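>>> Could you look at this predicted model? Sequence included:
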Amino acid sequence: MSASGAVLMLEGMAGPFDILLQQHRDLEALLERLASEPDVEELAQDQEDLTRLLRLHSRLEERCVQPLLTRVEGRARAREEAEDHLTLRELMEELQELTPRGVEWQARLFTLEDRVVAHVQATEHAVLPRLSASLDSEELAELGHDLALTYEELLERSQHPPASSRGALLEPLHWDA
């Protein structure tokens, strides 16, 4: 299957990547709200929601997608994806430390938005179609199952955060596993 055929397949049917695709839409919506939210309390809530969703999304991709990416495209390509996640984490942490609506905050928000959009485009138009084309139907079904179970586990864990109010945004990556 060609990459463009895989993109059409992703857009046209329910599949193993639905959770990731929905999270992409949610990230985009939260970023739009942050850029335009006039209410300070709503702004704080949106920023917290963005942090939680970005953490959840990153962990889900790291656990379920990156091992497949390593297998299909090699370790160097998977490291690029991991570096993108680390950049997103750093931007989110910087955003949290800045005064909302300040000049620096706006700059970090716009940079974060650019990086999220680039991540979404690369993932939806390159990574996921290549993975879809490289996996057989049984592997795709297993991936969908793994994504759903991991999502539920991570969601449950996010409802009961650790005693520390600021946990790591991303779990450590293990390249030699």
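Received, thanks. Quick caveat, the model's predicted, so the values are computed rather than measured. Numbering: from 1, shown residues only.
>>> what residue is smack in the middle of this protein?
Centroid-nearest residue in the chain, with CA atoms, centre = their mean: His57, separated by 3.7 Å.
>>> Could you tell me how far that one is located from Gln106?
Separation of His57 from Gln106 (CB to CB, to the nearest Å): 23 Å. Any C-beta I mention is one placed from the backbone N, CA and C, and that applies to glycine too.
>>> Please name every helix or strand in contact with the helix or strand where Gln121 lies.
Gln121 belongs to helix 103-122 when assigned by DSSP states H and E. Identification of packing neighbours for helix 103-122 by 3 or more CB pairs under 8 Å, 6 or more residues apart in numbering; DSSP states H and E yields helix 18-36, helix 75-97.
>>> tally of neighbours for Glu48?
Using other CB atoms under 10 Å, Glu48 is surrounded by 12 other residues.
>>> pLDDT value on it, please?
We have a pLDDT of 92 for Glu48.
>>> Tell me which other helices or strands whichever strand or helix holds it touches.
In this assignment (DSSP H and E), Glu48 forms part of helix 40-60. In terms of contacts (3+ CB pairs under 8 Å, 6+ apart), helix 40-60 is packed against helix 18-36, helix 75-97, helix 137-159.
>>> close enough to count as contact, Leu20 and Leu128?
Yes: when contacts are counted by CB atoms under 8 Å, Leu20 is listed as touching Leu128 (7.3 Å).
>>> thinking again about what came up before, quick check: angle from the helix holding Glu48 to helix 75-97?
Interaxial angle, helix 40-60 versus helix 75-97 (axes from the mean of the first three to the mean of the last three CA atoms, to 10 degrees): 160 degrees.
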